[in-house]
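Enquirer: My questions are about this predicted structure, shown below with the sequence.
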Amino acid sequence: MTGFSELDLLAQFHRTWDKLLTTAFVTLFTYVIFCSAMVALILLLRRSGSYKFRIRATISGVADMRRELVQSILSISIFQIAMVGSRVLAMGFGIFIDLRDPLPLWKIVPSFPLIFIAHDAYFYWTHRVMHLSGFYRTMHRVHHRSVAPTAYAAYSFAFLEAWIQGSFLVFYVLLFPANTTLIVAFVFVEIIYNSTIHSGVDPFPPWLVTHRIFGWVAGSVYHDLHHRTMNWNFGLYFRLWDRLMGTEHPDFVRIHNYIHSPENDGGAYKLLSGHRPRREGGA
């Protein structure tokens with residue numbers, strides 16, 4: 001038990017329960033409030049007829065939004081169960097994950113970018129596996145029911161996908177320095193980013209996305225194009241893995257530039273090579 005008695009481990013677990021509840025509260029509160037604001041924004045832009053920052057003319061209906069919201073809240077609950085379950089399992093091997101300890105500055109400074117770099121790699125490869133024919137229907141099909149997603153679709157996952165994505169933080173804290181402040185900050189930023197890239201709105205400055213030198217951020221158009229075309233653009237935060245593995249959509253830059261041009265009329269996907277509308281259900 002590596003120097004811990006069972007009572008020691010249980011006592012430690014109960015003393016960190018408030019940290020788990022804090023993370024759960026931040027996750028749910030941030031998701032509901034921010035997503036609702038993004039949905040209100042896209043509806044306002046559509047009502048005004050403006051295509052400023054808008055990716056497409058289409059948007060999910062009320063029934064789809066309700067499905068996305070309910071499924072995402074279930075997934076967020078599964079995230080928390082995965083985190084607690086994994087910690088309890090680790091305790092069985094005498095390993096206690098303590099996020100209360102303060103980290104020195106020399107660990108905190110590199111930890112914030114590191115957690116996003118690690119998550120991007122984790123997401124890219126798990127996401128690609130979920131698109132394989134043997135896994136798609138049981139793991140990822142639920143998420144791709146949203147062909148024209150809203151921000152509510154950010155965590156619209158099937159159970160297995162929610163468990164896999166919710167397990168990232170467990171792997172991270174076992175391998176790298178982390179405390180509650182880092183985890184809460186990561187969760188806050190990740191939810192805002194993930195909700196934004198599903199919203200149908202792209203507020204990311206083009207120089208961060210398509211610049212020849214600095215353009216490595218994926219952004220909203222990148223992921224919206226993934227929902228549209230299915231088998232391209234698997235990355236979450238960055239374009240790195242897609243560019244390395246040849247899975248970035250060849251029309252991405254052209255579509256992105258059109259959406260950020262004065263000519264944007266919500267019909268950027270007509271620029272897709274061999275354009276045809278995608279119906280839900282195919283891998």
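Expert: Everything's here; your move.

Enquirer: So which helix or strand of this protein has the lowest pLDDT on average?
Expert: Counting by mean pLDDT, DSSP states H and E, the chain has its least confident helix or strand at helix 6-15, which shows a mean of 52.

Enquirer: Tell me which helix or strand comes right after that helix, heading toward the C-terminus.
Expert: Following helix 6-15 in sequence order, the next helix or strand is helix 17-48 (DSSP states H and E).

Enquirer: State the distance from residue 70 to residue 155.
Expert: According to C-beta to C-beta, to the nearest Å, residue 70 and residue 155 sit 11 Å apart. C-beta here means a position set from N, CA and C on the backbone, and glycine is covered the same way.

Enquirer: what's the overlap in contacts for those two?
Expert: Both residue 70 and residue 155 lack any common contact, where contact means C-beta atoms under 8 Å, 6 or more residues apart in numbering.

Enquirer: So those two - more neighbours on which side?
Expert: Neighbour count, other C-beta atoms under 10 Å: between residue 70 and residue 155, residue 155 has more, with 27 against 12.

Enquirer: roughly how far apart are that one and residue 107?
Expert: Per C-beta to C-beta, residue 155 is found 29 Å from residue 107.

Enquirer: likewise residue 132?
Expert: Note on residue 132: its distance to residue 107, by C-beta to C-beta, is 37 Å.

Enquirer: Of the two, which one has the most company?
Expert: The neighbour comparison of residue 132 against residue 107 (other C-beta under 10 Å) goes to residue 107, with 15 against 11.

Enquirer: List the residues that contact the closest residue to the more buried one other than its chain neighbours.
Expert: Leaving aside its sequence neighbours, residue 107 sits nearest to residue 177 (C-beta to C-beta, 6 or more residues apart in numbering; 4.5 Å). If you count contacts by C-beta under 8 Å, 6+ apart, residue 177 has them with 103, 107, 111.

Enquirer: Pick the one among these closest to residue 41.
Expert: The closest of these to residue 41 turns out to be residue 111 (C-beta to C-beta; 32.1 Å).

Enquirer: which SSE is that closest one in?
Expert: Assessed by DSSP H and E, residue 111 sits inside helix 105-130.

Enquirer: what separates that helix from the chain centre, distance-wise?
Expert: Distance of helix 105-130 from the chain centroid (C-alpha atoms, centre = their mean, to the nearest Å) equals 12 Å.

Enquirer: now stretch 219-226
Expert: How far stretch 219-226 lies from its chain's middle: 12 Å, per C-alpha atoms, centre = their mean.

Enquirer: Grab the CA positions of it and hand them over as CSV.
Expert: C-alpha atoms of stretch 219-226 as CSV (Å, rounded to 0.1, in the frame of the first residue of the first chain):
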residue,chain,number,x,y,z
GLY,A,219,-10.8,27.1,-34.3
SER,A,220,-14.5,26.9,-35.2
VAL,A,221,-14.4,26.6,-39.0
TYR,A,222,-12.0,23.7,-38.6
HIS,A,223,-14.2,21.6,-36.4
ASP,A,224,-17.5,22.6,-38.1
LEU,A,225,-15.9,21.3,-41.4
HIS,A,226,-15.2,18.0,-39.5
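
Enquirer: which of the residues in it are buried?
Expert: Within stretch 219-226, the residues that count as buried by 16 or more other C-beta atoms under 10 Å are 219, 220, 221, 222, 223, 224, 225, 226.

Enquirer: Could you do stretch 231-242 as well?
Expert: 232, 233, 234, 235, 236, 237, 238, 239, 240, 241, 242.

Enquirer: Please flag which of those residues sit within helices.
Expert: Those of the buried residues of stretch 231-242 mapping onto helices are 240, 241, 242, per DSSP state H.

Enquirer: Export the residues you listed as a markdown table, with columns for pLDDT.
Expert: Listed next are these as a markdown table, based on pLDDT from 0 to 100:
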| residue | pLDDT |
| --- | --- |
| 240 | 97 |
| 241 | 98 |
| 242 | 98 |
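
Enquirer: just checking, residue 173 touches residue 183?
Expert: Yes - at 7.4 Å, residue 173 counts as touching residue 183 under the criterion of C-beta atoms under 8 Å.

Enquirer: could you say which helix or strand contains the most centrally placed residue in the chain?
Expert: Per C-alpha atoms, centre = their mean, the C-alpha nearest to the average position across the chain is that of residue 194, at 4.1 Å. Using DSSP H and E, residue 194 sits in helix 180-197.
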